[in-house]
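J.: Dropping the sequence and predicted coords here.
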Amino acid sequence: RNNPPEAGLAERAAETRSRIEEKVRKQFAIPIDEATPEQVYEAVGLCVRDDIMDSWITWRTSTQRSGAKCVIYLSAEFLIGRLLTNNLINLGKYECYEMALRELGYDMATIEEVESDPALGNGGLGRLAACFMDSLATLGLPSMGYGIRYEYGFFRQEIRDGRQVEIPDNWAFGGAVWETARTDRTYEVRFGGTVEENWNSDGNLRVEYRDYQSVIAKPYDMPVVGYRSPYTGTLRLWSAVAPKQLDLVQFNRGDYESASADRELAESISKVLYPEDSHPRGKELRLRQQYFLVSATMQQIVDSHRRRNGDLRKLPDAVVVQINDTHPTLAIPELIRILIDNEGFSWEEAVEIAERTFNYTNHTLLPEALECWPAPLMRSLLPRIYRIIETIDARLRDRIWQTNPGDADLISRLAIIHDGKVRMANLCVLMSTKVNGVSQLHGKLLKTRLFRDFYVTQPEKFLGITNGITQRRWLAVANPRLNSLINDTIGEGFMRDWTKLEELVPYAEDASFRQKFDEVKRENKRDFATWLERTHGISIDPESFMDVQAKRLHEYKRQLLKAVHILSIYDGLVSGRITDMPKVSFVFAAKAAPGYVRAKDTIRLINAISRLVAGNERTRDAMSVVFVPNYDVSTAQVLMPATDLSEQISTAGFEASGTGNMKFMLNGALTIGTMDGANIEMAEEVGEENMFIFGARVEEIDRMKADHSYRPREVAQADGRLQKALEHLVDGSLPTSDNSRFEDLYHSLMDSDPYFALYDFDAYDKAFWEALRVYGDRDEWLRRAVLNTARSGYFSSDRTINEYNEAVWHLTPIDDAARF
Ligand SMILES: CCc1ccc([C@H](C)CC(=O)N[C@@H]2O[C@H](CO)[C@@H](O)[C@H](O)[C@H]2O)cc1
């Protein structure tokens, strides 16, 4: 990050240095030269935290006082990543702290790596929420994120004998310098018990709760620092605490277990993140987590509004709540409960307020990912909430019966409670003002498929808002070399104004700029190789062509297509069919949900292929297959700047948007991909000729699904290369530590191939070789790579957030005058 040292930098660095020394002394009672990197990291973090405090307090109190409309981003996941470097860059203090540390004998990289990566999310949905918080703060839009402070985040992944092993991730063990426990803002959340509704003489409803279990929700606040903007947002994460630590009565009775049983049950609520990102396991604890999050949040929202404004009818003018997928759906009946049971509103009034308060974002079309809770479970765990949902459902059924008498089918499709299940997506759509998909194609498919019956009656409710990524973390933090090159070429404007990146387009034709761009990529590849060796003891050739597929392991993302294609290249090299191929490193990074057997099998297959390739002298120097363990935000930040080819090969119609695709594009990688999700809009921005687009379009996939015409086995038999490659899965040629093979994967492709991997194989092969051909022409490759970076500005989450604000939230940014 070698920006010329501005005037005064040395003085500020000296002052910062003494603050760090002082912090070490006060915090650890030792002189700096005895401190460990962990202690120095904590001291530095605490100094930066002090730098943030004043503006954080100012804005939190002033936005509250000003009554400015605020967006509440309600999400079960926030994949925030490490915060030190991000906060320093957003504060404009990176160089200052880097110089101070250097004078203390520390290089920033060492201190940065000490920080734990709070994996409070699974993947796309969680990371999107984190990018959104950064953009909201940078754009000065009054905002608060609400989530759960899981004690154990997303599991750590280790690969043993080629297999994924899950290790608990106690992220906060090293102390979390960025959070503040708000013991002054705790709320009680009730579970179970019985509920009695009594209408008293003055016709008001009085609801009696009995025999319920209580859990205390304790908030931990984290500041969300905007980029060079004094506005600091807040991320509030709730932690579950038992109302009483120990039941002395039971304890004195010698019944020690039950004495602490309640406590364990209570605190198990925020113990661990559920590692599924498609198959909800419908576990009671997961439902407890969801209600815990929404009840604490909505109680607090109503409380502070009543304290600030008093008239709850005006709540929708003061706050707008964005529900991040269906996981926080219960916020809707919870608000209605509070308004009726605690605030004495009528049913109609409460429903009207709720409908004007909530909006819902859908992130997946996968039927198996749509949450449907068993009605008996919800009735017993949340008796009052279930009553309210029953009433909403009954009134909906009545309304449909009036408008479509006799149309039982329509009712069975639109109803919220159906077949003993509570369909969370239907409840969200019915009770939200706006429902959006996360790319233009996804938005369209919500209208024509998933929510068609709702769309026909309320078309204005539905839209598509294409995802985005924050250029602060995914360029300035992750790729300082490219960031400096861009700053030196077109200035720093891009960090705050995504449209500025366009100014880089002409430099695609500039040979000296392409040269510098190439040098940046080479350096980043060397960094990645060094990091991979140091962190995982895995070696990779930094001069090789980096072909990367990094995302959650899921059949629709088709890591299997990539793996089978690599086997066909292996066969080609062994048979001599393939002679001239540049050295390629096929890099995979992916976590599989622990219960998703086929996904875990695919990881095992990739590692077996890696051994097969390394074990053959005809292939080991021509290519390597590398599986990078424990893919998380920090890994993505070192991997994406080092990538040449980004694999975005999902079956058309299955990837709602993708956001990794945007990060690779921004960091100068070319994309080989299908016309799916946001890939389509990337092709619109940069031109299809600057990507390697292949494969069946969504219409073709739909047709084959509709007429059941697809015969995968015939496709394989018609293509000798493909057939031979597939044989490896069952012929024992793949080295596995227990001689196990991959029958299930083989048959999943040959018998049904639900994601049309074999159908797109040949088209993929052609696109891949075209990519290698272009890579052979350095100038052409670099020209296209520069264009991809230059045309990726549209995928800034600032553009996305501005679209949400115009179409859904209607917030007023804090007045710019105060911003600078
Ligand atoms: C209940 C289990 C569960 C947990 C998480 C999810 C998420 C919705 C899965 C997810 O992360 N979806 C991804 O969201 C990204 C952000 O919008 C999109 O870019 C990806 O296309 C989508 O797969 C579904 C089901």
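T.: Everything's here; your move. Since we're looking at a predicted model, the values are computed, not measured.
J.: Backbone dihedrals for the residue in the chain positioned nearest to the ligand, both of them.
T.: Ranking the residues of the chain by distance to the ligand (CB to the nearest ligand atom) places residue 124 first, at 2.7 Å. Every C-beta, even on glycine, is put in place using the N, C-alpha and C of the backbone. Backbone torsions of residue 124, given as degrees, to the nearest 10, read phi -50, psi -50.
J.: again, but for residue 239
T.: The main-chain torsion angles of residue 239 are listed as degrees, to the nearest 10 and equal phi -120, psi 140.
J.: which ones are touching the closest residue to it other than its chain neighbours?
T.: Excluding its sequence neighbours, the residue lying closest to residue 239 (CB to CB, 6 or more residues apart in numbering) is residue 149, at 4.3 Å. By CB atoms under 8 Å, 6 or more residues apart in numbering, residue 149 lies in contact with 120, 179, 220, 237-239, 270.
J.: ok, of the residues you listed, which one's closest to residue 695?
T.: If you rank those by distance to residue 695 using CB to CB, residue 120 comes first, at 34.2 Å.
J.: Does the closest one touch residue 80 like I think?
T.: Yes. Under the criterion of CB atoms under 8 Å, residue 120 makes contact with residue 80 at 6.7 Å.
J.: Against which helices or strands is the lengthiest helix in the chain packed?
T.: Counting by DSSP state H, the longest helix found in the chain is helix 37-66. Helices and strands touching helix 37-66, by 3 or more CB pairs under 8 Å, 6 or more residues apart in numbering; DSSP states H and E, are helix 9-28, helix 84-91, helix 94-103, helix 108-114, strand 213-225, strand 232-241, helix 284-308.
J.: and it, which residues are buried?
T.: Of the residues in helix 37-66, 39-49, 51-52, 55-56, 59-60, 63 count as buried by neighbour count, 16 or more other CB atoms under 10 Å.
J.: Next one: the residue nearest to residue 482 when sequence neighbours are not counted, what pLDDT does it get?
T.: Residue nearest to residue 482 in three dimensions, not counting chain neighbours: residue 520, with 5.0 Å by CB to CB, 6+ apart. You'll see residue 520 listed with a pLDDT of 98.
J.: Pretty sure residue 520 sits against residue 480.
T.: No. Applying CB under 8 Å, one finds residue 520 not in contact with residue 480, separated by 9.6 Å.
J.: could you give me the average pLDDT of the host helix or strand of residue 800?
T.: Per DSSP states H and E, residue 800 falls inside helix 797-804. Here helix 797-804 scores 98 as its mean pLDDT.
J.: now do stretch 303-310
T.: Stretch 303-310 comes out at a mean pLDDT of 89.
J.: can you pull the buried residues of it?
T.: Residues of stretch 303-310 classed as buried by neighbour count (16+ other CB under 10 Å): residue 305.
J.: who touches that stretch?
T.: Contact with stretch 303-310 is made by 64-65, 67, 312, 314-315, 318-319, 343, as judged by CB under 8 Å, 6+ apart.
J.: again, only this time at 6 Å
T.: Residues outside stretch 303-310 that contact it (CB atoms under 6 Å, 6 or more residues apart in numbering): 315, 318.
J.: helix or strand for residue 158, which one?
T.: Residue-wise, residue 158 maps onto strand 156-160 under DSSP H and E.
J.: Parallel or antiparallel, list what pairs with that strand.
T.: strand 163-167 (antiparallel) (DSSP bridges).
J.: buried ones in the partner strand?
T.: 163-164, 166.
J.: Where in this structure is the helix or strand with the lowest mean pLDDT?
T.: helix 816-819 (a mean of 51; mean pLDDT, DSSP states H and E).
J.: Name the residues of this protein found near the ligand, please.
T.: Taking CB under 6 Å from any ligand atom as the contact definition, the chain meets the ligand at 122-125, 128, 276-278, 280, 325, 363-364, 369, 371, 438, 467, 655-659, 677.
J.: Try it again at 8 Å.
T.: The chain has residues 76-77, 122-128, 274, 276-281, 286, 325-327, 361, 363-364, 366, 369, 371, 438-439, 442, 467, 552, 554, 655-659, 677-678 near the ligand, with proximity defined as CB under 8 Å from any ligand atom.
J.: Just the buried residues of the strand holding residue 158, please?
T.: Buried residues in strand 156-160 (16+ other CB under 10 Å): 156-157, 159.
J.: which outside residues touch that strand?
T.: Contacts to strand 156-160, defined as CB under 6 Å, 6+ apart, come from residues 164-165, 167, 169, 591, 629-630.
J.: Run the chain-centre distance for that strand.
T.: Offset of strand 156-160 from its chain centre (CA atoms, centre = their mean, to the nearest Å): 21 Å.
J.: Report the rounded mean pLDDT for it.
T.: pLDDT averaged over strand 156-160 gives 98.
J.: okay, it in CSV with CA atoms only?
T.: Output of strand 156-160 as CSV, limited to C-alpha atoms (Å, rounded to 0.1, in the frame of the first residue of the first chain):
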residue,chain,number,x,y,z
ARG,A,156,-13.2,-25.1,10.6
GLN,A,157,-12.6,-27.5,7.7
GLU,A,158,-9.6,-29.9,7.8
ILE,A,159,-8.9,-32.4,5.1
ARG,A,160,-7.8,-35.8,6.4
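J.: okay, the residue sitting furthest away from the middle of the chain: pLDDT?
T.: Farthest-out residue of the chain from its mean C-alpha position, per CA atoms, centre = their mean: residue 201, at 51.1 Å. At residue 201, the model reports a pLDDT of 79.
J.: so when I look at it, I'm seeing a helix, right?
T.: No. Judged by DSSP: H, G, I helix; E, B strand; the rest coil, residue 201 forms no part of a helix; its state is coil.
J.: which residue packs closest to residue 270, ignoring adjacent ones?
T.: Residue 270 sits nearest to residue 240 (CB to CB, 6+ apart), 4.2 Å away.
J.: cool, and residue 377?
T.: Nearest non-adjacent residue to residue 377, counting by CB to CB, 6+ apart: residue 284, 6.1 Å away.
J.: Tell me how far the one you found lies from residue 304.
T.: 30 Å (CB to CB, to the nearest Å).
J.: Phi first, then psi, for the closest residue to residue 490 other than its chain neighbours.
T.: Leaving aside its chain neighbours, residue 490 sits nearest to residue 503 (4.3 Å; criterion: CB to CB, 6+ apart). Note on residue 503: backbone dihedrals following degrees, to the nearest 10 are phi -60, psi -10.
J.: Model confidence for residue 206, exactly?
T.: Reported pLDDT for residue 206: 83.
J.: I figured it hits residue 199, correct?
T.: No. When contacts are counted by CB atoms under 6 Å, residue 206 is not listed as touching residue 199 (7.6 Å).
J.: can you list contacts of whichever strand or helix holds residue 402?
T.: Residue 402 is part of helix 383-403 when elements are defined by DSSP H and E. By CB under 6 Å, 6+ apart, the residues outside helix 383-403 that reach it are 195, 333, 336-337, 378-379, 410-411, 415-417.
J.: now swap in stretch 664-682 and tell me
T.: 439, 441, 466, 474-475, 479, 640-641, 643-646, 648-650, 652, 655-658, 661, 691-692, 695, 697, 767, 771, 784-785, 788-789, 792.
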